[in-house]
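A.B. asks: Output the structure for:
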Amino acid sequence: TVLQELYGLFNSSRMRRWAAKLSEQRIDGITAYFASWYRPGDFVTLHADTAYENEYGRHLAFVLQLSRDWDPSWGGDLTFFDPPYLVHPAFNSMTLFRVTSGLQQHLVTPVISAVPEHARRFAIAGWFTSAGEFKHDVLMAAAMQEPATGATYAA
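C.D. replies: Residues are numbered from 1 along each chain as shown. I've put the predicted structure just below:
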């Protein structure tokens, strides 16, 4: 499946070296990720992935946008606050940010109710981790609690 192929890509030694170079951190753990489908009304509340930094060994977060022909007026924007920055879903684009010091608070704005039937707001998000700090059982339990769609939740 596509998710299995992505697992191989995200966990390849080449990808881990690239993530380590970008983050200036040791990236040698499992890359954890999940797929989201944001439907009308879905959003993600303000949070910082650093709440899990020490427990899960997260160092570099990513969001791979898979929404074709998404109109920015439909919402679903990845929004950062310090500094203020807005990322519109653009097909085949990836946003990366360090998971450090609580400075990367972010959210996903609500998808409006008037989105055309054919439009889909898909994304794959996750974290590159360090093996020495990574607790697989804890992370998998947390991932199972996160919604499979973009339904409203607070991390």
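A.B. asks: so how far is residue 70 from residue 120?
C.D. replies: When distance is defined by Cβ to Cβ, to the nearest Å, residue 120 is 8 Å away from residue 70. Where you see a C-beta, it was placed from the backbone N, CA and C, and this is true even at glycine.
A.B. asks: So if I had to pick from these two, which one is more boxed in?
C.D. replies: Taking neighbours as other Cβ atoms under 10 Å, residue 120 and residue 70 compare with residue 70 leading, 23 against 16.
A.B. asks: Touching, that one and residue 122? I think so.
C.D. replies: No: taking Cβ atoms under 8 Å as the contact criterion, residue 70 and residue 122 are not neighbours in contact, 9.3 Å apart.
A.B. asks: Report how many residues lie close to the closest residue to residue 91 other than its chain neighbours.
C.D. replies: Excluding the flanking residues, the one nearest residue 91 by Cβ to Cβ, 6 or more residues apart in numbering is residue 68, at 4.8 Å. For residue 68, the count of nearby residues is 13 (other Cβ under 10 Å).
A.B. asks: ditto for the one 4 residues further on
C.D. replies: The burial metric for residue 72, expressed as a neighbour count using other Cβ under 10 Å, is 11.
A.B. asks: Tell me both backbone torsions, phi and psi, for it.
C.D. replies: Listed backbone geometry of residue 72 is phi -60, psi -20, with angles given as degrees, to the nearest 10.
A.B. asks: contacting residues for it?
C.D. replies: If a contact means Cβ atoms under 8 Å, 6 or more residues apart in numbering, then residue 72 has residue 88 as its contacts.
A.B. asks: could you redo the last one with a cut-off of 10 Å?
C.D. replies: Taking Cβ atoms under 10 Å, 6 or more residues apart in numbering, we find residue 72 in contact with 86, 88-90.
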